[in-house]
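1. model the structure of this input:
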Amino acid sequence: MLPRPLLVVSSLLAAFALLAREGQGSPTCNNQCCRFIEGFPVRLRQLRQDYRQIRNYYEANDDLDTALLDESVDHSFKSPFACQAMDGILGFYLRTVLPSALQEDTEDTRTLRPHMVSIQQIFDDLKREVAKCRHYFSCQKQFDIRTLNSTYTQMEDKGMFKAMGELDILFNYIERYLASKRQTTASSSA
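-> Predicted structure coming up:
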């Protein structure tokens with residue numbers, strides 16, 4: 001896993017690359033999947049805004065040294081199996097992590113709830129779009145979510161804090177993957 005300063009730098013570089021591409025004009029999208037990829041930067045900005053509102057709470061409550069979204073997940077997002085990895089991890093967050101976070105009912109979490117619900121809705125939309133666009137993404141072999149799920153389970157009550165505290169890492173993985181699909185789309189439509 002990259003140290004936080006390197007993650008910030010890589011995020012900024014990815015954002016600059018996307019902005020530069022937008023300045024060149026986006027490719028003409030002739031299908032729903034292409035339009036989804038081209039429109040995703042807006043959703044990503046919303047995810048990051050919502051995460052900024054909840055990050056301090058979850059990072060303050062994460063006292064585990066073990067990374068949940070480790071290098072193996074990063075490698076999966078860079079592989080031909082990336083869309084399966086994204087589908088599996090989004091499903092994990094939608095079925096396990098976010099429902100646990102939303103069940104927590106404290107004074108602190110009540111103010112965070114709208115941001116968590118927003119993240120949940122965007123993840124749900126993203127998972128649905130990835131499933132619809134499976135052929136567009138050239139999805140291959142299933143991603144094995146069992147290792148991630150096992151690590152999360154071993155973390156017991158602290159797993160939810162770890163997973164929520166690492167959302168920014170997940171956003172980076174998703175951003176890189178979808179940006180790579182934008183480049184593929186631009187190349188094939190040129």
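2. next helix or strand past the worst-scoring helix or strand of the chain on mean pLDDT?
-> When the helices and strands of the chain are compared on mean pLDDT, DSSP states H and E, helix 4-23 comes out lowest with a mean of 43. Under the assignment DSSP states H and E, the closest C-terminal helix or strand after helix 4-23 is helix 32-60.
3. helices and strands around the next helix or strand after that following helix, which ones?
-> With elements assigned by DSSP H and E, the helix or strand that comes after helix 32-60 is helix 71-77. The contact analysis (3 or more C-beta pairs under 8 Å, 6 or more residues apart in numbering; DSSP states H and E) places helix 71-77 against helix 82-92, helix 167-189. The way it works is simple: take the backbone N, C-alpha and C, and place the C-beta from them, glycine included.
4. so which of these is the most surrounded?
-> Comparing the helices and strands packed on helix 71-77 by mean neighbour count (mean count of other C-beta atoms under 10 Å), helix 82-92 ranks first with a mean of 22.
5. chain center to it: distance?
-> Relative to the mean C-alpha coordinate of its chain, helix 82-92 is positioned 9 Å out (C-alpha atoms, centre = their mean, to the nearest Å).
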